[in-house]
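Novice: A predicted structure for the sequence below; I have some questions about it.
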Amino acid sequence: MQTLSLENFGSLGAQAVDINLQTASDEELKELGELVLNKLVVYVNAENASVTPERFQYIQTRWGDPISSDAGKRLEERVKKDGWNKLYVETARDMKAMRKDMLPGMIRVTGIKDKKGNRTGMFADGELDWHSNQQSDNDGYAPLIGLQGVEGTEGSSTEFLQTVDALNDLENDTRSEVEQLIAIHSFGADRISRGTSKSQALITNLQLVPEDNTEMPVLAIAPNGDKGMHFPWTSIVGFKDYTQEEFEKLFNYLVEHLWQDKYVYKHMWQDGEIVWMDQIVTLHRRPGRDTSKRLLHRMCSNWSNIIA
């Protein structure tokens, strides 16, 4: 499969340039899946990727099973504990709206509102800083996300950061230390999703960081075997067995090391494009806050049909 490298993404990332997603055979789709698996972030441009949501779903399910977040179940648990309140009612409505008329495993990511002024999608407002899907959920990892640009995406961007080269570039002593680190995660809307509404912040909380003080290893291995860092620093509040001073020193060093241009690819959207991205050793963010016209379809899945 003919590919082009992504700017500022080191040894990883690719644009697949010689595949038409509408007419591609299952064998060609398997080859594309293997490219995504190995390159971690891959996109197909609008000319070759303008397909229906049904076709988008079909393509990704050639590679693995759809995975849905447990955020709805977690909201139910909070309701049982606290009873219904205004925030929970609004959050439940938003959760239902983002899945309305969508195919299994797919949700809307949009700030578009309905005629009554209600939100119709997830991540509807505010800025989304560096994160990964279910970033501190030990049980709920969906290792792959596909994003389909449906409408109103021109001029907007998503940035991707890969940690494989970043880990390899560390000095030996620092790398050895990082490979033993256990990060402690807690949710803070001001860190992950600044400017968002309370209900959208709660959805982000329930999906990305459902339990405060969750411990997760920093060393991560992608499904293709690549070693990198699971380091969504927007929820990391400590390192196990480190003092606050020790944590802050190493944490600040790693954030500065990771957030270098050579590890970050900025994707400028066009309607019709599809981007697939790993969720284990990459991060992504939405730098802009205006999503009032942008509509993306998002699908999460595993690699069960590619990796035996």
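Specialist: All right, it came through fine. Residues are numbered from 1 along each chain as shown.

Novice: burial check on T110, number of neighbours?
Specialist: 24 (other CB atoms under 10 Å). Any C-beta I mention is one placed from the backbone N, CA and C, and that applies to glycine too.

Novice: now it, which residues is it bridged with?
Specialist: Listed by DSSP bridges, the beta-bridge partners for T110 are L295.

Novice: now the strands for the stretch 51-200 of the chain?
Specialist: Assigned by DSSP state E, counting those that start in this stretch, the strands in the stretch 51-200 of the chain fall at 106-110, 128-131, 144-151, 157-162, 182-185.

Novice: buried residues in the third one, which are they?
Specialist: When burial is assessed from 16 or more other CB atoms under 10 Å, strand 144-151 yields the following buried residues: L144, I145, G146, L147, Q148, G149, V150.

Novice: list the pairing partners of it within its sheet, with orientation.
Specialist: Note on strand 144-151: by DSSP bridges, its sheet partners are strand 274-278 (antiparallel), strand 295-301 (antiparallel).

Novice: avg pLDDT for the shortest one?
Specialist: Which is strand 274-278. In this model, strand 274-278 has a mean pLDDT of 97.

Novice: gap between that strand and the chain center?
Specialist: Strand 274-278 sits 9 Å away from the centroid of its parent chain (CA atoms, centre = their mean, to the nearest Å).

Novice: same check, this time on the last one
Specialist: Once both centres are worked out by CA atoms, centre = their mean, strand 295-301 turns out to sit 10 Å from its chain's centre.

Novice: let me see the mean pLDDT of that strand.
Specialist: The average pLDDT within strand 295-301 is 95.

Novice: go on, stretch 122-141?
Specialist: Per-residue scores along stretch 122-141 average to 76.

Novice: then stretch 26-36?
Specialist: Here the average pLDDT along stretch 26-36 is 97.

Novice: start at 39, not 1
Specialist: Taking 39 as the first residue, the last one we looked at is stretch 64-74.

Novice: so what's Y291 up against?
Specialist: Residues in contact with Y291 (CB atoms under 8 Å, 6 or more residues apart in numbering) are T212.

Novice: shouldn't it be within a helix?
Specialist: Yes - with DSSP: H, G, I helix; E, B strand; the rest coil as the criterion, Y291 is part of a helix.

Novice: quickly note the distance from it to R229.
Specialist: Y291 sits 18 Å away from R229, taking CB to CB, to the nearest Å as the criterion.

Novice: related to what we said a few turns ago, H169: which of the buried residues of strand 182-189 is nearest?
Specialist: Distances from H169 to the buried residues of strand 182-189, taken as CB to CB, are shortest for I183 (11.2 Å).

Novice: for beta bridges, what are the partners of that closest one?
Specialist: With DSSP bridges as the criterion, I183 is bridged to M315, C338.

Novice: quick one: it from A135, how far?
Specialist: Counting by CB to CB - I183 and A135 are separated by 20 Å.

Novice: next, the buried residues of the lowest-mean-pLDDT helix or strand in the chain.
Specialist: Of all helical and strand segments in the chain, the minimum by mean pLDDT, DSSP states H and E falls on helix 227-230, at a mean of 86. Across helix 227-230, burial judged by 16+ other CB under 10 Å covers A227, R229, I230.
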